[in-house]
Each structure stands twice: as C-alpha cells, then as structure tokens.
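Student: structure, please.
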Amino acid sequence: MPDGKAPKPAKSIKQTTKVDPDKPVLLSGGNPQIAKGYGDAPVQAYIAASPGWKGDVTRRLDVIIENTVPGLRKAVKWNSPLYGVADEGMGWFLGIHLFTKYVKVSFFRGASLNPVPPGASEQKEVRYYDVYEDRLDEAQFADWVRQASRLPGEKM
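Tutor: Numbers count the residues shown, from 1 in each chain. From the prediction side, this is the model:
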C-alpha cells in the first residue's frame, strides 16, 4: 500500500427478499413452480398461480380439455400440467407450459393429428400449439384434444 494502510474490508450488505410461503415461485417466463402431484388439485394450483392473461388461457384450456375428454386424468410434473385418459396404460397425450409471451401446448403425438398443429419439434411425433393472449382457436383446440386423447400417449 502506498500510504502503508490496509484497505478496509467491504461491508456486507444483507438483502432480504420477502417470499410469501403461500404463493408458488414463478420460474422463467412466469411458469409456476408447483410440486409434482396427481389429480385435479395440483393442476388447479398451477392455474391459480399462473400470472395475468396466461392464467386465463390455462384455465380455458383446462375447461376445454375436461369438456372434451371423458374420464380425464391430470397431473403436474416438471412444473407443467399433463393430461391423459382414464386408462393409465395410454399415457399422457398433452402438456402445458408457460413462456414469457405465450402458453405452449404440447401434443405428444401431434404429428398424427389432422390438421397437424403448427409448431414443429425436434421430436418426430411432438407438435406444439402456441397460444398468445386473445388468440385461442377453441374449436380447433377441442378437435386436436379429441383426436390426441384417442392416440397412445407418452409414459412419463
């Protein structure tokens, strides 16, 4: 040191972030961090924690899926709602995930749907339908759900 004095150590600044234990953490894109679970309750928790218009869209998607597929089963895995038919051997046919500007619906056997959903995937069979605010084609979505629920799904 030029003046022979040692530099003062930097003061530690303690930051506190208030976290509400009753509200799920929102991950990248606003996707809620929901614990893995089976049944309607974790899916409804995911929907309730979805921010703004994305919550409205996921709620509407859930209602359309419920009204289209009898004997529906639901789960949340990897912070995403999954939908399957009552026969667990059929696997999951659809998943939902939130991104910053859209809600992504994954049809796990989407390449077999007619018409094929517009979003391509690196996986041969998977196709995506990206729903932007106020741009949900409910009739087309219900038709894809009906078709997808009749195909073998993914075992996850």
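Student: tell me where the protein has helices.
Tutor: Per DSSP state H, the chain carries helices over the ranges 40-49, 52-68, 138-148.
Student: any idea how far Trp53 is from Lys101?
Tutor: Spatial separation of Trp53 from Lys101 under the definition C-beta to C-beta, to the nearest Å is 10 Å. The C-beta positions use only the backbone N, C-alpha and C, and glycine is treated the same way.
Student: looking at the most centrally placed residue in the chain now. What's its pLDDT?
Tutor: Per C-alpha atoms, centre = their mean, the C-alpha nearest to the average position across the chain is that of His97, at 2.2 Å. What the model reports as pLDDT for His97 is 94.
Student: returning to what we had before: adding mean neighbour count and distance to Lys74, write the helices of the chain out as CSV.
Tutor: Below are the helices of the chain laid out as CSV (neighbours: other C-beta atoms under 10 Å; distance: least, C-beta to C-beta, whole Å):
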stretch, mean neighbour count, distance to Lys74
helix 40-49, 18, 5
helix 52-68, 17, 8
helix 138-148, 17, 13
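Student: let's have the ones you listed in CSV, adding distance to Met90 and mean pLDDT.
Tutor: Below are these laid out as CSV (distance: least, C-beta to C-beta, whole Å; pLDDT from 0 to 100):
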stretch, distance to Met90, mean pLDDT
helix 40-49, 18, 94
helix 52-68, 15, 96
helix 138-148, 11, 97
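Student: can you list those in JSON lines and add distance to Gly89?
Tutor: Putting the helices of the chain into JSON lines (distance: least, C-beta to C-beta, whole Å) gives the following:
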{"stretch": "helix 40-49", "distance to Gly89": "21"}
{"stretch": "helix 52-68", "distance to Gly89": "19"}
{"stretch": "helix 138-148", "distance to Gly89": "16"}
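Student: show me what contacts Trp144?
Tutor: Contact analysis of Trp144 by C-beta atoms under 8 Å, 6 or more residues apart in numbering lists 107, 110, 113, 117, 129.
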